[in-house]
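J.: Compute the structure for the input listed below.
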Amino acid sequence: MDLQARVTEAVAPHIERVDPPGLAWWVARGDEVAVGAQGTYGPEDATPVRPDTPFRISSVTKPVVAASAMSLLDDGTLTLDAPVERWLPELGDRRVLRDPAGPLDDTVPAARPITVADVLELRLGIGLDFSGPFPGPVLSALGAAGLQAGPPAPQTNPAPDDWMLTVGAVPLSYQPGERWLYHSGSEVLGVLVARAAGAPLPEVLAERVLAPLAMTGTGFGVRPEQADRLGPHWLPPDGGALMPYDPAEGQWSRPPAFPNGGDGLVSTVEDLAAFGRMLRAGGVAEDGTRVLSREVLAEATRPRVGQIDADGLADWGLGFGVKTGDQPDGRSAGSYGWDGGMGSTLWVDPVKDVVAVLLTNQMWSSPEPTAVFEAFWRAAWE
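T.: Below you'll find the model as predicted:
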C-alpha cells in the first residue's frame, strides 16, 4: 500500500466518528508525498476541509517563531549567551522564589541573568511545571493580573509592552537555566524577537521565515481573503454533542494585540510542509533561498535540556522538541518538531527522511495525543 493510501485509511475511521470533525495532512517520505483532507468544518457545517484550510495550530507555533529567532542568531543580532535584559529590561535584576510552591514574597536574588539560550530552551524560570502543582504561585499571579491562562485565547492578552511589565513584576519560579518549564518562554521569545529586530513580531516572522517559504496562509489571525476558509474549532467529545471552542468569527479572525509566540498562529498543511521541507533540507527553501544556516539549525534540533517527558524519550532544543529514542509509532531518535494541544503536529525525521504534518479542528482532551494522531504517525512512518 502506498503512502497516500496508508494515511487515508488510517485517519478515515476517526472522521467517520466525527472525532475530529475535519483534518488535513501532508507527508513526505523520501520522494513519496501524500497530501489530503477529510471531514468538514463541523457537525452542522458540511463545508469540506481542504489542504489549504487554515487551522489554529496552537503550540506548533513554537518552532515556527523559534525559526525567526534562529535567523537573528545567524546574522548576529542575537547570541545564545547574551543577557536578554538588553532587550527586555523588565527581566533584569530578577528575584527567584525560595520555594517554587511558596509565597511570592519569599525570594532570593537570581544567581545570574536570563540569557537568550534560557528563553529558547524554556529554562528562563517561568512556565508550566508538568511535574508540579498546577498552576503554581507565579502563573497564578500572572493569571490574576490578566494574562492568558489555560487554552489559547489570542484576544485576551494586552500589547507586548504591557504584557512584559506584568511578567517583570513577578519573581521567577526557578533560577535561570535550572529547570525546563513549558510555554511561557515561547511567549517571551516573541517579544524578544520583535525588540531585537526593531519591528513587530508579525513583520519579523513574515520577512525572515514566512515570505522566503511562501507561507501565505500563516499568520497571527487569518487574512481577510482567508476568512471564509476558517471554520470553527471544537472541544473534545465528552459523551455528548460536540461543543465549539472558538467560532469561525472568533479569536483568530482578526489580529491580536499580543502576537503570541507560544500558540498564536493559524496555518495550513501546505505552509507547514514548506517549513518542514526547509528544515529537512538543512535550512534551504525549495527555490534555493537559504532561510537558516545549517549550523544554527543543528544547534536548535539537538537535545539540550534533558528529559521532558515521562517515558524519557523526549528532550528540547531551541524551540523544538527532540526525540532521544526510537518511538513506538516509528519516529526515529533525532526526530524533531512539536505538537499543539488544539490538534496539530509537525515532525521531521532526518533518519527516515520523513516530514509529517497533521492539522485538525478539535482540541485534545489532555496533553497526550488523541487516537487519530497515533494512527497518523504509524501510517506516515510505517
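
J.: Check the spacing between the nearest residue to residue 55 once chain neighbours are set aside and residue 231 real quick.
T.: Take residue 55 and drop its neighbours on the chain: the residue closest to it by C-beta to C-beta, 6 or more residues apart in numbering is residue 359, 4.0 Å away. Yep, even glycine has a C-beta here, placed from its N, CA and C like the rest. Distance of residue 359 to residue 231, given as C-beta to C-beta, to the nearest Å: 12 Å.

J.: Around residue 92, count how many other residues there are.
T.: Per other C-beta atoms under 10 Å, the neighbour tally for residue 92 reads 14.

J.: how about it, what does it touch?
T.: 83, 85, 113 (C-beta atoms under 8 Å, 6 or more residues apart in numbering).

J.: Distance of it relative to residue 114?
T.: 9 Å.

J.: One more: residue 187?
T.: 14 Å.

J.: next one: residue 242
T.: Using C-beta to C-beta, residue 242 is found at 42 Å from residue 114.

J.: More neighbours: which of these two?
T.: Higher neighbour count among residue 242 and residue 114: residue 114, with 26 against 19, using other C-beta under 10 Å.

J.: what's the domain layout of this protein?
T.: Domain ranges of the chain: 3-62+219-381, 68-201, per automatic domain parsing.

J.: and the longest strand for the chain?
T.: Ranked by residue count under DSSP state E, the longest strand found in the chain is strand 32-42.

J.: how many other residues sit next to the nearest residue to residue 73 once chain neighbours are set aside?
T.: In space, and not counting its chain neighbours, residue 73 is closest to residue 296: 5.1 Å by C-beta to C-beta, 6+ apart. For residue 296, the neighbour count with other C-beta under 10 Å is 19.

J.: for residue 296, helix, strand, or coil?
T.: Classification of residue 296 by DSSP: H, G, I helix; E, B strand; the rest coil places it in helix.

J.: Look up how far residue 277 lies from it.
T.: Distance, residue 296 to residue 277, by C-beta to C-beta: 18 Å.

J.: got it, and residue 204?
T.: Using C-beta to C-beta, residue 204 is found at 22 Å from residue 277.

J.: okay, those two: which has more neighbours?
T.: residue 204 (24 against 18).

J.: got a list of what the residue nearest to residue 55 touches?
T.: With C-beta under 8 Å, 6+ apart, residue 359 has these contacts: 23-25, 53, 55, 57, 267-269, 272, 343-344.

J.: How about residue 21: what's its closest non-neighbour residue?
T.: Counting by C-beta to C-beta, 6+ apart, the residue nearest residue 21 is residue 42, at 4.8 Å.

J.: What is the neighbour count of that neighbour?
T.: Per other C-beta under 10 Å, the neighbour tally for residue 42 reads 22.

J.: Contact partners for it?
T.: 21-22, 231-232, 234, 242, 244, 361 are the contacts of residue 42 under C-beta under 8 Å, 6+ apart.

J.: which residues of the stretch 1-150 of the chain fall in helices?
T.: Assigned by DSSP state H, counting those that start in this stretch, the stretch 1-150 of the chain shows helices spanning 3-16, 61-74, 116-120, 136-144.

J.: right, I mislabeled it, should have said the stretch 251-382 of the chain
T.: 269-280, 294-300, 371-381.

J.: export these to a markdown table and tack on distance to residue 182 and mean pLDDT?
T.: Output for those, formatted as a markdown table (distance: least, C-beta to C-beta, whole Å; pLDDT from 0 to 100):
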| stretch | distance to residue 182 | mean pLDDT |
| --- | --- | --- |
| helix 269-280 | 21 | 98 |
| helix 294-300 | 17 | 98 |
| helix 371-381 | 19 | 97 |
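
J.: Select, out of these, the one closest to residue 260.
T.: The minimum distance between residue 260 and those falls on helix 269-280, with 17.4 Å, by C-beta to C-beta.

J.: Surely residue 62 is in contact with residue 338?
T.: Yes - taking C-beta atoms under 8 Å as the definition, residue 62 is a contact partner of residue 338 at 5.6 Å.

J.: Residues that sit against both of those two, list them.
T.: Residues touching both residue 62 and residue 338 (C-beta under 8 Å, 6+ apart) are residue 320.

J.: More neighbours: those two, which one.
T.: Between residue 62 and residue 338, counting by other C-beta under 10 Å, residue 62 is the more crowded of the two (32 against 23).

J.: Can you report how many residues neighbour the closest residue to that one other than its chain neighbours?
T.: Closest residue in space to residue 62, ignoring its immediate chain neighbours: residue 186 at 4.7 Å, by C-beta to C-beta, 6+ apart. Per other C-beta under 10 Å, the neighbour tally for residue 186 reads 26.

J.: List the contacts of stretch 148-168.
T.: 56, 58, 88-91, 126, 135, 139, 142-143, 145-147, 184, 187-188, 190-191, 194, 201, 220-221, 245, 251-252, 254, 256-260, 263-264, 341-342, 363.

J.: List only buried entries from those.
T.: Among the contacts of stretch 148-168, those classed as buried by 16 or more other C-beta atoms under 10 Å are 56, 58, 88, 90-91, 126, 139, 142, 147, 184, 187-188, 190-191, 194, 201, 220-221, 245, 251-252, 256, 258-260, 263-264, 341-342, 363.
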